[in-house]
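Trainee: Here is a sequence together with a model predicted from it:
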Amino acid sequence: MDHKRISIDSLSAYYDFFPTLSSSPHNIAVYGFDQRGWGRSVKKSSENGLTGPTSLVLSDIHDFVLHVASLTEAKGKPLFLMGHSMGGGETLYYLLSSPPAFSNRPKLSGFLLEAPYIELDPSEQPSFAKVLVGKLAALLLPNTQLKQKLDSTYMCHSAKVRQDWVDDPLCHDTGTLEGLKGLLQRAGDLSTLSHGRHVLGIQTKLPCPVWLGHGTSDRVVSPEAAKRLFDVLAAPDGDKIYQAYPDAYHKLHAEPDGIAEQFAKDVAGWILSHGKQPATEHQPTKTGGEMKAKL
């Protein structure tokens with residue numbers, strides 16, 4: 001069988017991480033989804049990267065959270081939200097945004113971030129001129145596709161994991177001008193917040209405790225920018241933890257030499273320590289992808 005035809009979806013792309021969380025002794029139920037324009041949400045090549053504007057990206061996250069909440073609340077279980085890389089930036093933006101459409105956002109017991117995209121590594125950062133031209137083009141041709149191949153070198157220390165990422169047909173490296181514009185705008189807003197400046201429509205106050213893990217040698221997204229934003233985030237009762245993983249790359253959940261195992265242990269431990277239903281949204285009590293989706 002041609003290994004390039006083997007698909008890795010939003011959950012299996014995390015290798016042993018989610019099975020570890022969902023099995024004994026942790027027994028944490030895990031739900032994930034493929035972001036619009038990615039993974040198995042795509043039925044034809046013209047849909048690759050067709051995420052839509054930020055409003056649609058956030059609405060998709062909100063609908064997914066509402067769906068999972070309907071499953072967990074019926075069982076009296078606490079709810080956690082988690083995002084990785086692009087999904088980390090998207091879920092963070094979702095929780096820091098306050099449009100009326102999200103007034104019915106379910107209560108969360110905690111929020112977890114794995115190497116969230118606040119800023120790209122300086123070596124990957126597009127120039128100001130390129131960003132400006134892209135934004136202007138997005139106004140005229142929003143659904144125009146643009147392939148942007150990322151370097152796999154710093155995704156993971158494991159050669160197999162890097163090759164899996166390169167070979168995965170569901171990871172198509174294709175965005176649209178509108179989607180890329182929204183991605184850069186959200187990251188820009190979060191970066192602005194990290195410098196202590198005001199951004200219309202988003203705030204620094206989170207509705208629940210937060211845990212953030214980042215590899216110190218990640219050169220896909222910037223750990224320094226993530227830490228800078230983390231420092232200005234306000235969580236209920238100051239309940240927030242930043243966990244640095246020395247010398248680790250971007251995919252903490254798949255890093256070799258015991259790092260992935262320690263990461264899973266840290267995440268599970270934090271979730272279980274906060275596993276009480278919050279009384280209100282503002283009292284303390286993981287997903288989309290990159291999020292290629294993701295809880």
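Mentor: It's in.

Trainee: So what's the residue count around the closest residue in space to Asn104 that isn't next to it in sequence?
Mentor: Distances taken as CB to CB, 6 or more residues apart in numbering put Leu66 closest to Asn104, at 7.4 Å, once the chain neighbours are dropped. (Glycine included, C-beta is placed from N, CA and C.) Residues lying near Leu66 (other CB atoms under 10 Å) number 13.

Trainee: Over to the one 10 residues further on?
Mentor: When counting by other CB under 10 Å, one arrives at 7 neighbours for Gly76.

Trainee: quick one: it from Lys276, how far?
Mentor: 11 Å (CB to CB, to the nearest Å).

Trainee: Likewise for Arg162?
Mentor: Per CB to CB, Arg162 is found 39 Å from Lys276.

Trainee: Looking at those two, which is more packed in?
Mentor: Just comparing Arg162 and Lys276: by other CB under 10 Å the higher neighbour count belongs to Arg162, 19 against 12.

Trainee: Quick check: buried residues in the helix or strand hosting that one?
Mentor: Take DSSP states H and E as the rule and Arg162 turns out to sit in helix 159-167. Using 16 or more other CB atoms under 10 Å as the burial criterion, the residues of helix 159-167 that qualify are Val161, Arg162, Asp164, Trp165.

Trainee: And for stretch 183-194?
Mentor: Neighbour-count burial for stretch 183-194, counted by 16+ other CB under 10 Å, picks out Leu183, Leu184, Gln185, Arg186, Ala187, Asp189, Leu190, Ser191, Leu193, Ser194.

Trainee: go on, stretch 205-223?
Mentor: 206-215, 218-223.

Trainee: do the same with stretch 100-108
Mentor: Phe102, Arg105, Pro106, Lys107, Leu108.

Trainee: Thank you kindly, that will do.
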